[in-house]
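In: For reference, the sequence and a predicted model appear below.
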2 protein chains.
Amino acid sequence: MRHQKFIEGKVVLDVGCGTGILSVFCARAGAKRVYAVDASEIATQACEIVKANNLTDQVVVIHGRVEDIDLEEKVDVIISEWMGYMLLYESMLPSVLFARDKWLKPGGLILPSHATLFMAPITNSERYEGSVDFWRDVYGIDMSALVPLAKKFTSEEPSIEIIGGENVISWPSVVKCIDCYNFTTEEFKSITAKYKVSSMMLAPIHGFGFWFEVEFNGPAESSHNFPSNLDPPEIIHKKRRRSSEDTVLLSTAPEDEPTHWHQTILYFPDPIGVKQDQIVEGSVTISQSEENPRFLNIHLECSTGGQTLVKDCAMR
Amino acid sequence: MRHQKFIEGKVVLDVGCGTGILSVFCARAGAKRVYAVDASEIATQACEIVKANNLTDQVVVIHGRVEDIDLEEKVDVIISEWMGYMLLYESMLPSVLFARDKWLKPGGLILPSHATLFMAPITNSERYEGSVDFWRDVYGIDMSALVPLAKKFTSEEPSIEIIGGENVISWPSVVKCIDCYNFTTEEFKSITAKYKVSSMMLAPIHGFGFWFEVEFNGPAESSHNFPSNLDPPEIIHKKRRRSSEDTVLLSTAPEDEPTHWHQTILYFPDPIGVKQDQIVEGSVTISQSEENPRFLNIHLECSTGGQTLVKDCAMR
């Protein structure tokens, strides 16, 4: 509704519309026509919701994959809620990119327009002690034999959970800025980023947290490329500055209100202690699994204070 | 440890020992020998835990199904943590009964000795409104088309969740008292119980809650049959009375401290309003699925104030 001026009188395509809630918002914002597309059975309910809200003149629900459908016209705006856990897990972004290349008019608008995936080392003694150290003494019984298993369970898969700003021990590092106007499906297959951050405190690093933000920029802001070389403090400063302006920002960061995306944490089997101002650096690669393109493989390297950790895990 | 006098100098069999924690407790309580049996790989860790606690003279870990193993002697005591959600889901009780018939000496002790499954109508408007009524108005959009789906999702499978005593609207009804000395695997296949309770308040019934208690009685109390014809108030009175005495009781009731078993709730698709003192009656059948013996089929009938509801669901 804050972008009503970009929607009014326009033709909109909602990729993966689900219940159709975004399509209904667009219709209420005055869209001339909205094509609401979803491959799942939920399209039946979306259709009923459109009827119940007297929007059948504006909203056309299409049950099918956006890759397969045929529209009578090109569209002015693509909207989509395509983001998965850790932004990329089970993400529908490839369908949005497909729709952009086939159905978006030149100069058309994509909402959200930009997405940024962040990472930062995190500390979470309470969680680690509860999962791992707990076994060292259970009602006076030495159950340390379970510690290796507990470390394995804790660290073998990314954990979707809510942490707070207090768990984050450095400025976040940008893993990837996705400009929805220029990003390609090819780039989506494997994303690699280096990071180099400085610990803000003396703490054990228990792993890395990942989260994302998406921006809903208007056409003017979309015409120039999204700056991908900003330092995280600049990006965060920019975010704070923008939040009162034209851009709408959805953040899933630990310091913001929790969302159903939570944060995604890769726990280490063993914590690594760092001092204040100690440099933590390395790289991360997030790639589609060859076994199943819906799965993500994550390869993380981390060096600090002479220690190096290499971690591979899969998000299934 | 409160039953040390029944364990000291005795031969114990721990059915499904897991990490071996109960076996270690028995060894510390002075058991002459403990056979700790588990079919899963956890037996490896149980073995290490026994070593780490210097109990290899007393505790013998056996990796195998209790149905397949061979012991050198019969045992004085069988201990087991066999209880599943709703007492019976993925329960290991049949293995305990097998061990009893094959390995327990006449007059031997079973801990826990008795288990009681309870049920009661519950009210939980917050949960029901959040899952079902939520869709009637989402940011001013009529999404009632989703209400039938939401009712289906809410009621098609039992829900494992924590409720409080304030959600329970009548005295609980006993579904089954299991006396571990006399219960048979045959009886385990299908359990049917009638109930007739009186609502303590004006409220919408959103479904039925199920929970259980297990008792750890000494040999004297075990020699007579467990009274299965007590009214719930008498049972609860007995529980309160006993908790300070020789019997150890583990309760998973809503009015007690939450456990990892939580409670199991069968939600109705639609609430049924009842007045104070209104009778709610019917029957429940809990049976092993023919498809998979680990699954439970639940058939519930409920009549009150001229309304009748019949509900079938499966716990998979």
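Out: Happy to help now that I have it.

In: Return the residues in contact with residue A:95.
Out: If a contact means CB atoms under 8 Å, 6 or more residues apart in numbering or on different chains, then residue A:95 has A:15-16, A:65-67, A:80, A:82 as its contacts. Quick note: C-beta positions are derived from backbone N, CA and C, even for glycine.

In: Just confirm it is within a strand.
Out: No - judged by DSSP: H, G, I helix; E, B strand; the rest coil, residue A:95 forms no part of a strand; its state is helix.

In: what about residue A:207, how many residues close to it?
Out: Neighbourhood size, residue A:207 [other CB atoms under 10 Å in any protein chain shown]: 27.

In: and it, bridged to which residues?
Out: Beta bridges link residue A:207 to residue A:122, residue A:267, judged by DSSP bridges.

In: ok, it touching residue A:267?
Out: Yes - Residue A:207 lies in contact with residue A:267 (CB atoms under 8 Å); the separation is 4.0 Å.

In: sorry, back to before: from the contacts of residue A:95, which is closest to residue B:58?
Out: Sorting the contacts of residue A:95 by distance to residue B:58 puts residue A:82 at the head of the list, at 59.4 Å, by CB to CB.

In: Residue A:276 versus the closest one, what's the distance?
Out: Distance, residue A:82 to residue A:276, using CB to CB, to the nearest Å: 39 Å.

In: quick one, which of these two is more surrounded?
Out: Set side by side, residue A:82 and residue A:276 show unequal neighbour counts under other CB under 10 Å, the larger going to residue A:82 at 20 against 11.

In: and that one, what is it in contact with?
Out: Each residue near residue A:82 by CB under 8 Å, 6+ apart is listed here: A:15-16, A:91-93, A:95-96.

In: Once you drop chain neighbours, what's closest to it?
Out: Leaving aside its chain neighbours, residue A:82 sits nearest to residue A:92 (3.8 Å; criterion: CB to CB, 6 or more residues apart in numbering or on different chains).

In: was I right about the one you found contacting residue A:15?
Out: Yes - taking contacts as CB under 8 Å, residue A:92 lies within contact range of residue A:15: 6.7 Å.

In: Quick check: neighbours shared by those two?
Out: Among the neighbours of residue A:92, those also in contact with residue A:15 (CB under 8 Å, 6+ apart) are A:80, A:82.

In: Show me the shaky parts of chain A.
Out: Applying pLDDT under 70 to chain A flags residues A:220-246.

In: What residues does it have near chain B?
Out: Selection of chain A residues close to chain B by CB under 8 Å from any CB of the partner chain yields A:19, A:21, A:24-25, A:45, A:48-49, A:51-53, A:138-139, A:141-146, A:149.

In: Of those, select the buried ones using a PyMOL command.
Out: Selecting only the buried members of these in PyMOL, with burial defined as 16 or more other CB atoms under 10 Å in any protein chain shown, works like this:
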select buried, chain A and resi 19+21+24+25+45+48+49+53+141+142+143+144+145+146+149
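
In: what's the nearest residue to residue A:56 if we skip its chain neighbours?
Out: Across the structure, with CB to CB, 6+ apart as the measure, the residue nearest residue A:56 apart from its sequence neighbours is residue A:50 (5.8 Å).

In: Is that neighbour located within a helix, as I assumed?
Out: Yes - the assignment for residue A:50, made by three-state DSSP, places it in a helix.

In: If you tally nearby residues, what's the number for it?
Out: If you count neighbours by other CB under 10 Å, residue A:50 ends up with 24.

In: now the residue in the stretch 51-200 of chain A positioned nearest to chain B, what's its secondary structure?
Out: When CB to the nearest CB is the measure, the stretch 51-200 of chain A has its nearest residue to chain B at residue A:145, with 3.5 Å between them. Secondary structure of residue A:145, reduced to three states by three-state DSSP: helix.

In: and if you look at the one 3 residues further on?
Out: Put simply, residue A:148 is helix when judged by three-state DSSP.

In: Overlap in contacts, residue A:207 and residue A:267.
Out: Common contact partners of residue A:207 and residue A:267 (CB under 8 Å, 6+ apart): residue A:155.

In: Wait, residue A:30 touches residue A:6, no?
Out: No - taking CB under 8 Å as the contact criterion, residue A:30 and residue A:6 are not neighbours in contact, 10.4 Å apart.

In: More neighbours: the two, which one.
Out: Neighbours per residue (other CB under 10 Å) separate residue A:30 from residue A:6, with residue A:6 holding more: 18 against 13.

In: Going along the chain, name the helices of the stretch 151-300 of chain A.
Out: Along the stretch 151-300 of chain A, counting by DSSP state H, counting those that start in this stretch, helices occupy A:185-188, A:219-223, A:232-242.

In: Next, the buried residues of the shortest one.
Out: Of the residues in helix A:185-188, those with enough neighbours to count as buried (16+ other CB under 10 Å) are residue A:188.

In: Which other helices and strands does it contact?
Out: The criterion is 3 or more CB pairs under 8 Å, 6 or more residues apart in numbering or on different chains; DSSP states H and E, and the helices and strands that helix A:185-188 contacts are helix A:93-103.

In: after the helix it packs on, next one along is what?
Out: Along the chain past helix A:93-103, the next helix or strand (assigned with DSSP states H and E) turns out to be strand A:104-111.
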